[in-house]
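Undergrad: What follows is a predicted structure for the sequence shown.
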Amino acid sequence: MSDNTTHFGYQEVPVTEKVKKVGAVFDSVASKYDIMNDVMSMGVHRLWKWFALEVCAINEGERVLDIASGTGDLAAKHAERTGNEGLVIASDINNSMLSVGRDRLTDRGIIGNVQYVQADAEQLPFPDNYFDCITIAFGLRNVTNKDTALASMQRVLKPGGRLLVLEFSKPHSFLKGIYDTYSFKLLPLFGKVIAKDEDSYRYLAESIRMHPDQETLKTMALDAGFDQCDYMNMSGGIVAIHRAYKF
Amino acid sequence: MIDKKLLDILVCPVSKAPLIYDKSKNELICKASALAYPIRDGIPVMLESEARQISLEEKEQLR
């Protein structure tokens, strides 16, 4: 891979193209994103997110940034936990996803302590040392320059703050056969039948494989300036939670 | 329209400088980078790629 290209699933595309291509995928899947997540993960994504939220342990009054907030699953819970004295900012680079998220949260009466900002994870529009906690669930793999994004998150995090990355990772070898069949045969099929969008779901499967594994992502977080990082595997490593601290 | 609380928090993603809200154009302006960020459907669009370069005259008027 040369300096000016990056991965878009298994394709190699110019860096400048990736943002547009990922944008098109999410414009295309936004309205059916929630139901597809349920189908694709057989409901397990709810457990992964629930566990990630427990690991976050948001306290009342904290300032929380949810990046790649999408349809707002995490932001909604953050808002409940931080309460009226706290603040949640839901941010996403994609307008379609953020609009769906805002409508969903507003319909559920979650207003007042949540704000919405369309932003790029690589260039966050927030002051230095501002947030107590930052979360990014199933978002980092779609970011073009992950190192830049991690450094940007480190900048806006307060000393003593924590970053939580929930993302697909590298499963244990005994799961390989079934996992491959599932993600390359069944996933695009589900995409075709339910969202009528086989290509977008093929991209999702491919992008998961191109994402750095557990140890690589940990090293990337430390290189980006975080002082400590650990991770936990879930579902045999299909998904991992990385927790990075700034001291 | 933009929430006052949010305006106080946001900075320019390029210069990291604070922003001025231009009510007439419904934009968030950064003098340091001379960029104006649109607010669409109540959501500030803080993307450099979507920002408008402001003219010298516009910059003068902000003083």
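TA: Thanks, I have it. Bear in mind that the values here come from a model prediction, so they are computed numbers and not experimental data. Numbering: from 1, shown residues only, chains lettered A, B, ... in the order given.
Undergrad: At the geometric centre of chain B, which residue sits there?
TA: B:L28 (2.0 Å; Cα atoms, centre = their mean).
Undergrad: what's the strand or helix carrying it packed up against?
TA: Using DSSP states H and E, B:L28 sits within strand B:27-30. Secondary-structure packing of strand B:27-30 (3 or more Cβ pairs under 8 Å, 6 or more residues apart in numbering or on different chains; DSSP states H and E): strand B:20-22, strand B:35-40. Where you see a C-beta, it was placed from the backbone N, CA and C, and this is true even at glycine.
Undergrad: A:G236: which of those strands is closest?
TA: Among those, strand B:35-40 comes nearest to A:G236, with 41.9 Å by Cβ to Cβ.
Undergrad: For the closest one, list every residue counted as buried.
TA: Neighbour counts using 16 or more other Cβ atoms under 10 Å in any protein chain shown place B:35-39 of strand B:35-40 among the buried residues.
Undergrad: go on, stretch A:84-94?
TA: A:86-94.
Undergrad: These in strands, which ones?
TA: Of the buried residues of stretch A:84-94, the ones assigned to strands by DSSP state E are A:87-92.
Undergrad: Taking these together, which two end up most distant?
TA: Among those, A:L87 and A:D92 lie farthest apart (Cβ to Cβ), at 17.0 Å.
Undergrad: how many neighbours does A:M232 have?
TA: 14 (other Cβ atoms under 10 Å in any protein chain shown).
Undergrad: Show me what secondary structure element comes after the helix or strand where it lies.
TA: Assigned by DSSP H and E, A:M232 belongs to strand A:228-234. Heading C-terminal from strand A:228-234, the first helix or strand you meet, by DSSP H and E, is strand A:239-245.
Undergrad: Tell me, how many residues neighbour the nearest residue to B:I9 once chain neighbours are set aside?
TA: Nearest non-adjacent residue to B:I9, counting by Cβ to Cβ, 6 or more residues apart in numbering or on different chains: A:F126, 6.4 Å away. Neighbourhood size, A:F126 [other Cβ under 10 Å]: 25.
Undergrad: for A:A244, same thing?
TA: Neighbours of A:A244 (other Cβ under 10 Å): 27.
Undergrad: what does A:G23 give?
TA: 16.
Undergrad: Now it. Nearest residue, chain neighbours left out?
TA: Per Cβ to Cβ, 6+ apart, closest to A:G23 is A:N94, 5.9 Å.
Undergrad: and that neighbour, how far is that from B:V14?
TA: Per Cβ to Cβ, to the nearest Å, A:N94 is found 20 Å from B:V14.
Undergrad: doesn't A:A24 fall inside a helix?
TA: Yes: per DSSP: H, G, I helix; E, B strand; the rest coil, A:A24 lies within a helix segment.
Undergrad: Local confidence estimate at it?
TA: With respect to pLDDT, A:A24 has a value of 83.
Undergrad: Equivalent analysis for the one 10 residues further on, please.
TA: For A:D34, the model assigns a pLDDT of 75.
Undergrad: Run a quick neighbour tally on it.
TA: 16.
Undergrad: can you give me the helices for chain A?
TA: For chain A, applying DSSP state H gives helices covering A:15-29, A:33-41, A:44-56, A:73-82, A:95-107, A:146-156, A:176-181, A:187-194, A:198-210, A:214-223.
Undergrad: May I have the shortest one exported as PDB, CA atoms only?
TA: Only the C-alpha atoms of helix A:176-181 are listed here, as PDB (Å, rounded to 0.1, in the frame of the first residue of the first chain):
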ATOM      1  CA  LYS A 176     -12.100 -18.900  11.800                       C
ATOM      2  CA  GLY A 177     -14.000 -21.300   9.600                       C
ATOM      3  CA  ILE A 178     -17.500 -20.400  10.800                       C
ATOM      4  CA  TYR A 179     -16.700 -16.700  11.000                       C
ATOM      5  CA  ASP A 180     -15.400 -16.600   7.400                       C
ATOM      6  CA  THR A 181     -18.500 -18.300   6.100                       C
END
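Undergrad: Just the buried residues of it, please?
TA: A:Y179.
Undergrad: pLDDT of that helix, averaged?
TA: Mean predicted lDDT for helix A:176-181 stands at 89.
Undergrad: Likewise for the third one?
TA: Averaging pLDDT along helix A:44-56 gives 93.
Undergrad: Residues touching that helix, excluding its own?
TA: A:37-38, A:41, A:64, A:73-74, A:77-78, A:81, A:133, A:135, A:137-138, A:162, A:164, A:166, A:232, A:234-235, A:239, A:241, A:243 (Cβ atoms under 8 Å, 6 or more residues apart in numbering or on different chains).
Undergrad: Sweet, I'm off.
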